[in-house]
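Engineer: Predicted model, plus sequence, below.
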Amino acid sequence: MGKSSFSTLVDVAGRLLVAVLLLFAVVAQAEAAKKKKPPAPDASMRFAVVRGDSASCRPDCPEWIWAEGEIRTDTASRFKKFLKTVGKRKLPVIVQSKGGSLQAAFEMGRMIRARGLDVAVGYTTFTSCAPRQEGCKAETEGGYRGIVASGFAYCWSACPMIVAAGTRRVVGSWAHLGVHQVTTTMVREKVLYRTTTTVVKGKKVVKKKIVSRKDAGSYTTTKMNKSLRRTIEAYLNEMGVSTNVIELMNKTPASEILRLDQHEMLEMKLITSLDQVELLAGTNVCKTAPRPDNCMSLAEIASAAAARDGAPVPTFREAAMSAHADEMRFEIVRASGAACHPDCPEWVFAQGTIGPRSAAELRRILSATTGRRLPVVIDSGGGDVRGALALGRLIRERGLDVAVARTKIVPCPLAEAACPQDFNGAVGTTTNVYGGDCVAACSLVLAAGKRRIVHIYARVSLANTAFQSEVQQYLREMGTDDEMYKRMRGMTFGSGEDLPKDYMRKVGLTTDSGSAYEFTSPGICKQSARPENCRVTGAAS
C-alpha cells in the first residue's frame, strides 16, 4: 500500500470518528431537551370573581364569575367549592370552553339552576393580572378586574349543557355555541368467576364469586345508546330546553362543530333572548332599575367584609388600596423605598367620583403642605360638573401640576429604614403610578393644572355636560382652545369619546407628552434642580 493510500484511509477514519461524535452529541442534546421540556399548562376549567374595570361604570361596577377551560371529571366538585366563597350573591356565569365531560357539565348546570344564576358565553379581558398568569396575586390583593365581551367567545361540545342551566341564557351574535356527537369510551374487562352450587333443604343455591379481573382494552363510540339519550333528554327537560338539540348533536360528526345561530337557539329555548353578554355584565348594567344583584360599590364591599369579619369599617388608607373609592378622596402620599430614601417625592392622591365638596376637601388637605406645591395625581370616572369647576379653580389658584394616573398604595414595613415613620401623610406606604382614567367632568380638572400630563397608559375621555355657558367660560379661563368646547357640545349626552394624545396637546388640555413619573419617580429628587415636592424625612431630616 502506498503512502497516499494510507493517508486517505486515516483521513476517512478521522471523518467517521467526527461524524460518530457529532451523532452522539445530537442524541444527547435531544435527550436533554426531552428532560427539560416544561409540563403542559393546566387547561382545566378555572373560576374567579371578576369586577368590571371601566370608567363608565365606576364606582358601581358589575361583577361576574369567570369560568374558562376544559370541563373535566373534577370540574363540578371544584365549582361547588368555589361557589361557597361567593356566598349567596347571584353573580352571572360567563363561560368559555371547548367542552369535556358531559356528566360534569350536568352537575355544574344543576348547581347553577339551583342558585338561580344567569349564564352567558363570553370572554374576559383582564386589566389586572389573570388567574392563570404566573405570580398573579390579584385574588388576595384587591381582586381580579376586567372587561367582558362576546366577540368570538366559544362554547362547544358539553359546554352548551352549562348554558342550558341559566335562568337567563345569553349567546351573543358574535359568540360561538356549537354541538356535535357525544363520544363515549367503552372499557372492556375480562372477569373470571367461580360458581358453586349447593342444595339447602331441597333447594338449589348458586353462589358466584369473582376470582380475577383483567383489562381487555377499550374503544370509543359516537353512537348514542338508549340509556345515554334518556339521560340527556331528562336533563334538557329539567332545564326547559327542547330535546331537538339531541338531533343536531347526533347528525354532526365528533370531529366537527355545528354552530347554532341565535334564532335556532331561541326557538329551542337554549337561550332566552337575542342579547349580548353585556346584558349581564356590561358597563351600564348597574345603572338599570332595579339594580342587579351583581352590582356592588367598593364602599358596600368594604362594609360587607367588615360585617362578615366582625371588624370595623376600613379606614380610607385601607380602602385606597382598592382601584377606586366611591367619592373622591384626597391624601398626601409619598414614594418610599431605598431608591429615594430619605429624600423622596410626595404628591396629592385624588381618586374617585368628583362631588360638590371635593374642592373643600382638597383645600383641607393642602393646608398640611406648609405652602409647598405638590402635584395632584388624579384618577376619576367624572362626577359633579360644578364640583369639578370649583376643584379646577382651586388647583389653578395654587399653581399645582396635574397628572392623570392611578396611585397604588402598598403598606410599608415600619421596620425598614426606607419607611418614613415620621411622615405626616399616608404613613408607611410604598407607591407607584400606572394607567388611570380621567372621564367627563375630570377633564375639566385636568385643564386647570399648571403642567398637565397624562400617563402613557392613561385614558382621558370627553363628554357633553350641563351648565354649558359656565363650562365654556371656565375652559377659556384655563387657556384651552375653543375647539375642545365645540367638540364637547357636538357629543350626545351620555356618550363618551377617548381623546388621542396629540389632540390633547393641540387644544391645550395637556402641556407635556411625558408621564406621571416626572412628578412621582424616586429619581427626581436626585436632580440638580430639586423639585419642590421632594422632602427629607427620618433621622436625615
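Structural biologist: Happy to help now that I have it. Residues are numbered from 1 along each chain as shown.
Engineer: Could you count how many residues lie near Lys204?
Structural biologist: A count of nearby residues for Lys204, using other CB atoms under 10 Å, gives 8. Backbone N, C-alpha and C define where each C-beta goes, glycine included.
Engineer: Any idea what the residue nearest to it when sequence neighbours are not counted is bridged to?
Structural biologist: The spatially closest residue to Lys204, leaving aside those adjacent along the chain, is Thr197, at 6.1 Å (CB to CB, 6 or more residues apart in numbering). Beta-bridge partners of Thr197, counted by DSSP bridges, are Val206.
Engineer: same question, Ser97
Structural biologist: Beta-bridge partners, per DSSP bridges, of Ser97: Cys155.
Engineer: try Glu331
Structural biologist: Phe349.
Engineer: What pLDDT is listed against it?
Structural biologist: Glu331 carries a pLDDT value of 87.
Engineer: So it sits against Val348, correct?
Structural biologist: Yes. Contact criterion CB atoms under 8 Å: Glu331 and Val348 qualify, at 7.5 Å.
Engineer: Spell out which residues are contacts of both of the two.
Structural biologist: Taking CB atoms under 8 Å, 6 or more residues apart in numbering as the contact rule, Glu331 and Val348 both touch Ile365.
Engineer: Run a quick neighbour tally on the residue nearest to Lys204.
Structural biologist: By other CB under 10 Å, 8 other residues sit near Thr197.
Engineer: quick one: it and Lys208 touch, right?
Structural biologist: No. Taking CB under 8 Å as the definition, Thr197 is not a contact partner of Lys208, at 10.1 Å.
Engineer: Tell me which stretches of the stretch 101-250 of the chain form strands.
Structural biologist: 119-121, 123-126, 144-149, 154-156, 169-171, 176-179, 184-200, 203-221 (DSSP state E, counting those that start in this stretch).
Engineer: wait, which of those strands is closest to Gly508?
Structural biologist: With CB to CB, the closest approach to Gly508 among the strands of the stretch 101-250 of the chain belongs to strand 144-149: 30.9 Å.
Engineer: what's the average pLDDT for the closest one?
Structural biologist: Per-residue scores along strand 144-149 average to 89.
Engineer: So what touches it?
Structural biologist: Contacts of strand 144-149 (CB under 8 Å, 6+ apart): 48-54, 64, 66, 94, 122-131, 138, 277-278, 281-283, 323.
Engineer: Quick check: PyMOL command selecting the buried ones in these.
Structural biologist: Selecting only the buried entries of the contacts of strand 144-149 in PyMOL, with 16 or more other CB atoms under 10 Å as the criterion:
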select buried, resi 48+49+50+51+52+53+54+64+66+94+122+123+124+126+127+128+129+130+131+138+277+278+281+282+283+323
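Engineer: just checking, which of the contacts of strand 144-149 belong to helices?
Structural biologist: Among the contacts of strand 144-149, the ones falling in helices (DSSP state H) are Glu278, Ala281.
Engineer: Pick the most buried one from the strands of the stretch 101-250 of the chain.
Structural biologist: strand 119-121 (a mean of 30; mean count of other CB atoms under 10 Å).
Engineer: what comes into contact with that strand?
Structural biologist: By CB under 8 Å, 6+ apart, the surrounding residues in contact with strand 119-121 are 92-96, 112, 150, 153-155, 159, 162-163, 165-166, 168-172, 175-177, 277, 279-281.
Engineer: which neighbours does it have in its sheet, and in what orientation?
Structural biologist: According to DSSP bridges, strand 119-121 forms sheet pairs with strand 93-96 (parallel), strand 169-171 (parallel).
Engineer: so which of these gets nearest Lys501?
Structural biologist: strand 93-96 (32.5 Å).
Engineer: taking the mean pLDDT, what do you get for that closest one?
Structural biologist: Strand 93-96 comes out at a mean pLDDT of 97.
Engineer: what sits up against it?
Structural biologist: Strand 93-96 is contacted by residues 50, 64-68, 112, 117-124, 148, 153-155, 159, 162-163, 166, 277, 280-281 when judged by CB under 8 Å, 6+ apart.
Engineer: And stretch 238-254, by the same measure?
Structural biologist: 109-110, 113, 160, 164-165, 179-183, 222, 224, 229, 232-233, 236-237, 258, 260, 267-270.
Engineer: What subset of those residues is buried?
Structural biologist: Buried among those (16+ other CB under 10 Å): 109, 113, 160, 164-165, 179-182, 224, 232, 236, 258, 260, 268-270.
Engineer: out of these, which are inside helices?
Structural biologist: Gly109, Arg113, Pro160, Ile232, Leu236.
Engineer: Just the closest of the residues you listed to Gly87, please.
Structural biologist: Among those, and counting by CB to CB, the member closest to Gly87 is Arg113, at 18.1 Å.
Engineer: so what's that closest one up against?
Structural biologist: By CB under 8 Å, 6+ apart, the neighbours of Arg113 are Ala165, Gly166, Thr167, Glu238, Met239.
Engineer: which of these lies closest to Ser469?
Structural biologist: Using CB to CB, the contacts of Arg113 come closest to Ser469 at Thr167, 48.7 Å.
Engineer: so what's Asp293 up against?
Structural biologist: Counted by CB under 8 Å, 6+ apart, Asp293 has contacts Arg89, Lys90, Leu91.
Engineer: Am I right that it falls within a helix?
Structural biologist: No. Under DSSP: H, G, I helix; E, B strand; the rest coil, Asp293 sits outside any helix and is assigned coil.
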